[in-house]
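J.: Following is a predicted model, sequence given first.
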Amino acid sequence: MVQDIGEKTVVITGATSGIGLATATELAGRGAYVIGVGRDKQRCSHAKEHIAATTGARTDFLTADLRMQKNVRQLAEDIQALLMEHGEKNLDLLINNAGMISAWYTLTDEGLETQFAVNHLAPFLLTHLLMPILLKSSEPRVLTVSSKSHRGTRIRFDDIMLKKSYSCLGAYKHTKLCNVMFMAELQRRFGNGNLRAFAVDPGLVRTEIGMKGTGGLVSFVWSMRARGGITPEQGASTCIHLASHEGPGEGIYWKDCAPIPSSGYSRRVAEAKQLWELSEKMCAIPPGGFGKTD
Ligand SMILES: NC(=O)c1ccc[n+]([C@@H]2O[C@H](COP(=O)([O-])OP(=O)(O)OC[C@H]3O[C@@H](n4cnc5c(N)ncnc54)[C@H](OP(=O)(O)O)[C@@H]3O)[C@@H](O)[C@H]2O)c1
């Protein structure tokens, strides 16, 4: 059953384009208080104006480059300050949507493989930092936008930064698998209360993701492939469904507004625990300290 989301507070990363912008527009249009996150100030202003012009809704945007953990930490503080300003103490919904592809092997200034830093560690750290205010909500939900690309790969525990072998698609698939295993483990660890965690497969969506951190052949191939994709609004439908349905049903991995099985590897419990513990370490969270920020 669709619920009134007019009272809900929502944070959406990567809300300046594609699936994130479409999700932010729809949820703000339905009355939720949306805080969008983008990496570029001007693109944040454009997104805010677009949402206001399309729906009449007021949103707030925060700028943070999620490659750097120090920025993720600052972002979490800024989100809490904005919510307080808005008279809100809790967060109902966190949508970890920001994502990127890099054709080249690059390390962030903090020494982390860039796709791993943005696509996996940033959602992991942001969720940890926002957990206390999520748990104050009566029905907190965390969504992480994954992909069909999570299939046919494994977690490279022997080479987590992909130093020995890197491919653009291989690194992307690695992070999208992390997204599913992170959501499954979050549900196992925090699902005893009302918290629900979901990994979303939006389908093939006509966005520019494959043309941003790439160039040459990768960019060309993506532009051809994306032509056959659905619109960002259609791609946002599962996020909207999970954000707005009361008791949306069991299942971690969702596509086309319904749960479907994720890959066999992604359902391995021991590896999900291992990834969780490694991610805690890589985000300087004390062992077992996820969600405890005092
Ligand atoms: N498109 C598809 O077919 C498809 C399929 C499966 C899964 N997905 C997933 O869907 C999610 C959204 O992708 P999309 O296709 O909508 O692509 P998109 O239009 O490029 O959106 C990605 C968003 O993430 C932001 N972003 C990228 N790097 C960032 C960083 N370092 N710090 C902060 N924000 C950053 C982008 O900012 P800018 O606007 O400044 O670039 C943008 O807002 C991703 O997680 C992607 O893996 C997409």
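T.: Great, that's in hand.

J.: In this protein, which residue is most central in space?
T.: Centroid check for the chain by Cα atoms, centre = their mean gives residue 96 as the closest residue, at 1.8 Å.

J.: Spatially, what comes nearest to residue 172 if we skip its sequence neighbours?
T.: residue 101 (5.3 Å; Cβ to Cβ, 6 or more residues apart in numbering). In short, each C-beta sits where N, CA and C put it, glycine included.

J.: Name all residues that make contact with that neighbour.
T.: When contacts are counted by Cβ atoms under 8 Å, 6 or more residues apart in numbering, residue 101 touches 115, 168, 172, 209, 210, 212, 213, 214, 218.

J.: Out of the residues you listed, which end up buried?
T.: 115, 168, 172, 209, 210, 213, 214, 218 (16 or more other Cβ atoms under 10 Å).

J.: Shouldn't the third one be within a helix?
T.: Yes. Looking at residue 172 with DSSP: H, G, I helix; E, B strand; the rest coil, it is inside a helix.

J.: what sits against it?
T.: Residues counted as contacts of residue 172 (Cβ under 8 Å, 6+ apart) are 101, 115, 119, 147, 149.

J.: Any chance of CSV for those residues, columns secondary structure and distance to residue 254?
T.: As requested, the contacts of residue 172 are exported to CSV (DSSP: H, G, I helix; E, B strand; the rest coil; distance: Cβ to Cβ, whole Å):
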residue, secondary structure, distance to residue 254
101, coil, 22
115, helix, 23
119, helix, 18
147, coil, 12
149, helix, 16
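
J.: close enough to count as contact, residue 50 and residue 25?
T.: Yes. Judged on Cβ atoms under 8 Å, residue 50 makes contact with residue 25 at a distance of 7.1 Å.

J.: quick one: which of those two has more around it?
T.: residue 25 (25 against 16; other Cβ atoms under 10 Å).

J.: ok, that one - contacts?
T.: 50, 51, 54, 55.

J.: will you turn these into JSON lines that also has secondary structure and pLDDT?
T.: Converted to JSON lines, those look like this (DSSP: H, G, I helix; E, B strand; the rest coil; pLDDT from 0 to 100):
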{"residue": "50", "secondary structure": "helix", "pLDDT": "98"}
{"residue": "51", "secondary structure": "helix", "pLDDT": "98"}
{"residue": "54", "secondary structure": "helix", "pLDDT": "97"}
{"residue": "55", "secondary structure": "helix", "pLDDT": "97"}
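
J.: any idea how far the ligand is from the nearest residue to residue 201 once chain neighbours are set aside?
T.: Nearest non-adjacent residue to residue 201, counting by Cβ to Cβ, 6+ apart: residue 255, 4.1 Å away. The span separating residue 255 from the ligand equals 10 Å under the rule Cβ to the nearest ligand atom, to the nearest Å.

J.: repeat for residue 5
T.: On the measure of Cβ to the nearest ligand atom, residue 5 and the ligand end up 21 Å apart.

J.: again with residue 218
T.: In terms of Cβ to the nearest ligand atom, residue 218 sits 14 Å off from the ligand.

J.: okay, now the closest residue in space to residue 212 that isn't next to it in sequence: neighbour count?
T.: Of all residues not flanking residue 212 in the chain, residue 100 sits nearest, at 6.4 Å (Cβ to Cβ, 6+ apart). Other residues lying near residue 100 total 20 when counted by other Cβ under 10 Å.

J.: One more: the one 3 residues further on?
T.: In terms of burial, residue 103 registers 18 neighbours under the definition other Cβ under 10 Å.
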